[in-house]
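Student: Provided below are the primary sequence and the corresponding predicted coordinates.
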Amino acid sequence: MTTALFIHGTGVREPGFSDLYGRFTAGLHEFAPDVRTASCYWGGELGARLGAGGLSVPYTGGRSRGGPDGEIGTAEAIGTADGTELWADLYRDPLAELAAAAGSGAGSASGPGGSAELPLGAVLPAERPRALLAALDGHVGDIARGTGLPAPYLAAAVTELAASAVLSGAGAAVPDDEELARLLARALVAAALAALLGADAPVVPDGAARDAAVAALAARMGARPEGSERGLGSALARPVLRIASHQVVRRRRALTEAAHPAAADVMLYLAHGEPLRRRLREAVEELEPPVVVIGHSLGGIIALDALIASPSPRVALLVTVGSQAPFLYESGALPGLVHPEPLPEHLPDWLNVYDRRDLLGYVGAPLFPGRVTDVEVDNRQPFPAAHSAYWTNPAVYRAIAARLP
């Protein structure tokens, strides 16, 4: 009788593992009622843990430790004075400050944004932002070179902002041309840097260079340089925006403890993986063949590495689900096999299940033609939920059951 040995992935600890294993067993038995199941639980004993109780985390309980002269600084102060909180929001949505200003109805009844009659030849309020942006024509390259911003990213930001529907409302709501110029400048720099970050650029301008770019853009649009990094715009939008980075700093201990097992399990395995591979080999040896090893995420990496390093006649099938093993192999980071080395002949048949929405699931057949069978399933979840939704998807168990020895 076939035995299915389940090995879990990153971040799994009790009581979660028992729930996961129970769901796996019930799901597999729906399609293979005669198969025996067993588990290889490594998270409790061999999983990563903060050995010193989190002393490496800079900010704990909302306060930083070990400041100059023994001072304790509050996390709330970090990022407030220099505008870091606002920039964190702008990198997520470069138009957020302009949109908040437009929605605030801040226009004055007697100014260009109000209801008073406009002087002959005056620019309509809705067109004022585009008129200011027009002052940048022919100068974007010089500003980029002078401040360290990549010119293509800044030029693209100008083009995209000029086409944005949010400008009309912002122009009507912010009567002061200088402050409107600063709002536009911050939006442009945020859009350029967000694109740069999205491209995984190795070098990103620091805060001083960023503020210099804002000042240069705002000055070209007619604003005086002093105070260009702050002013009415940020004060206007700040209550509307979610100041997320400030909250992250305050809650860094809790966030680290929540994210730590999953991230650190991977790093621990790549640095010291033999105890986990040994645990799996010992679990296999305790079972009657034929054995099917089914590994989720990091569990699939452990299983593949263990079977590459040490042949096991008991194992008739390897199943990886939502696994990064093919990606690590192609990247040269898989401990047991270095690209372009082929899979050893002793490796059993390999079934690899993935969901294309799971950004942590990869395919193996293109790398190992004839040695890996990739099966795509649809968990109908976005990432990251897609990575944990395999075990409630009948298609996963159906694919496994169809290949059981």
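Tutor: On my side now, so go ahead.
Student: From here on, just use CA atoms for contacts and neighbour counts.
Tutor: Will do.
Student: show me where pLDDT drops low in this protein?
Tutor: Low-confidence segments of the chain (pLDDT under 70): 59-83, 85, 104-123, 202, 226-262.
Student: Would you mind listing the buried residues in the helix ranked longest in it?
Tutor: As assigned by DSSP state H, the longest helix anywhere in the chain is helix 177-198. Of the residues in helix 177-198, 177-196 count as buried by neighbour count, 16 or more other Cα atoms under 10 Å.
Student: Check stretch 159-176 too.
Tutor: Across stretch 159-176, burial judged by 16+ other Cα under 10 Å covers 161-162, 166-176.
Student: contacting residues for the nearest residue to residue 281 once chain neighbours are set aside?
Tutor: Leaving aside its chain neighbours, residue 281 sits nearest to residue 306 (7.0 Å; criterion: Cα to Cα, 6 or more residues apart in numbering). Residues near residue 306 by Cα atoms under 8 Å, 6 or more residues apart in numbering: 277, 278, 280, 281, 336.
Student: right, and the helix or strand after the helix or strand where the fourth one lies?
Tutor: For residue 281, the element it lies in under DSSP states H and E is helix 274-285. Proceeding C-terminally, helix 274-285 gives way to strand 291-296 as the next helix or strand, assigned by DSSP H and E.
Student: Give the next helix or strand downstream of that next one.
Tutor: helix 298-309.
Student: buried set for that following helix?
Tutor: 298, 299, 300, 301, 302, 303, 304, 305, 306, 307, 308.
Student: Over to stretch 42-51?
Tutor: Buried, per 16+ other Cα under 10 Å, within stretch 42-51: 42, 43, 47, 48, 49.
Student: show me the contacts for residue 343.
Tutor: So residue 343 contacts 308, 337, 368, 371 (Cα under 8 Å, 6+ apart).
Student: Just to check, the first one is in contact with residue 336?
Tutor: Pointing back at residue 308 there. Yes. The pair residue 308 / residue 336 is scored as a contact, 6.3 Å apart, by Cα atoms under 8 Å.
Student: ok, back up a step: how about TSV for the buried residues of stretch 42-51, with secondary structure added?
Tutor: Output for the buried residues of stretch 42-51, formatted as TSV (DSSP: H, G, I helix; E, B strand; the rest coil):
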residue	secondary structure
42	coil
43	helix
47	coil
48	coil
49	coil
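Student: Greatest separation within the residues you listed: which pair is it?
Tutor: Put simply, by Cα to Cα the two of the buried residues of stretch 42-51 set farthest apart are 42 and 49, 12.5 Å from each other.
Student: Quick check: residue 195 touching residue 153?
Tutor: Yes. Using Cα under 8 Å, residue 195 is in contact with residue 153, at 6.9 Å.
Student: I figured residue 372 hits residue 353, correct?
Tutor: No. With contact defined as Cα under 8 Å, residue 372 does not count as touching residue 353 (10.3 Å).
Student: Which one of these two is surrounded by more residues?
Tutor: Between residue 372 and residue 353, counted using other Cα atoms under 10 Å, residue 353 has the larger neighbour count: 25 against 20.
Student: contacts for the helix or strand hosting the more buried one?
Tutor: Using DSSP H and E, residue 353 sits in strand 349-354. With Cα under 8 Å, 6+ apart as the test, strand 349-354 has contacts from 316-323, 361-364, 371-377, 396, 400.
Student: Which neighbours in the sheet does it have, and how are they oriented?
Tutor: Neighbouring strands of strand 349-354 in its sheet, by DSSP bridges, are strand 315-321 (parallel), strand 372-376 (parallel).
Student: Of those strands, flag the one that's most buried.
Tutor: The highest mean neighbour count among those, using mean count of other Cα atoms under 10 Å, belongs to strand 315-321: a mean of 25.
Student: and that one, C-alpha only, in PDB?
Tutor: Provided in PDB are the C-alpha atoms of strand 315-321 (Å, rounded to 0.1, in the frame of the first residue of the first chain):
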ATOM      1  CA  VAL A 315      10.500   6.700  -2.800                       C
ATOM      2  CA  ALA A 316       8.600   6.000  -6.000                       C
ATOM      3  CA  LEU A 317       7.300   9.600  -6.700                       C
ATOM      4  CA  LEU A 318       8.300  13.100  -5.700                       C
ATOM      5  CA  VAL A 319       5.500  15.700  -5.700                       C
ATOM      6  CA  THR A 320       6.400  19.400  -5.300                       C
ATOM      7  CA  VAL A 321       3.500  21.900  -4.800                       C
END
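Student: Hey, what's the angle from it to helix 274-285? Just curious.
Tutor: Orientation check (axes from the mean of the first three to the mean of the last three Cα atoms, to 10 degrees): strand 315-321 against helix 274-285 gives 130 degrees.
Student: Any buried residues in the helix or strand following strand 315-321, and which?
Tutor: Later in the chain than strand 315-321, the nearest helix or strand by DSSP H and E is helix 325-331. Neighbour counts over helix 325-331 (16+ other Cα under 10 Å) mark 325, 326, 327, 328, 329 as buried.
Student: Tell me who's in contact with residue 50.
Tutor: Counted by Cα under 8 Å, 6+ apart, residue 50 has zero contacts.
Student: so how far is residue 267 from it?
Tutor: 13 Å (Cα to Cα, to the nearest Å).
Student: same deal with residue 42?
Tutor: Residue 42 is 15 Å from residue 267, by Cα to Cα.
Student: likewise residue 29?
Tutor: Taken as Cα to Cα, the span from residue 29 to residue 267 is 34 Å.
Student: ok, now residue 145?
Tutor: Distance from residue 145 to residue 267, by Cα to Cα: 39 Å.
Student: Next: residue 347.
Tutor: 25 Å.
Student: Between these two, tell me which one has more neighbours.
Tutor: residue 347 (21 against 13).
Student: got a markdown table for the buried residues of stretch 42-51, with distance to residue 290 too?
Tutor: As requested, these are exported to a markdown table (distance: Cα to Cα, whole Å):
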| residue | distance to residue 290 |
| --- | --- |
| 42 | 22 |
| 43 | 25 |
| 47 | 28 |
| 48 | 31 |
| 49 | 34 |
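Student: I'd assumed residue 128 was in contact with residue 162.
Tutor: No. Assessed by Cα under 8 Å, residue 162 is found out of contact with residue 128, at 11.0 Å.
Student: Which members of the contacts of residue 306 are classed as buried?
Tutor: 277, 280, 281, 336.
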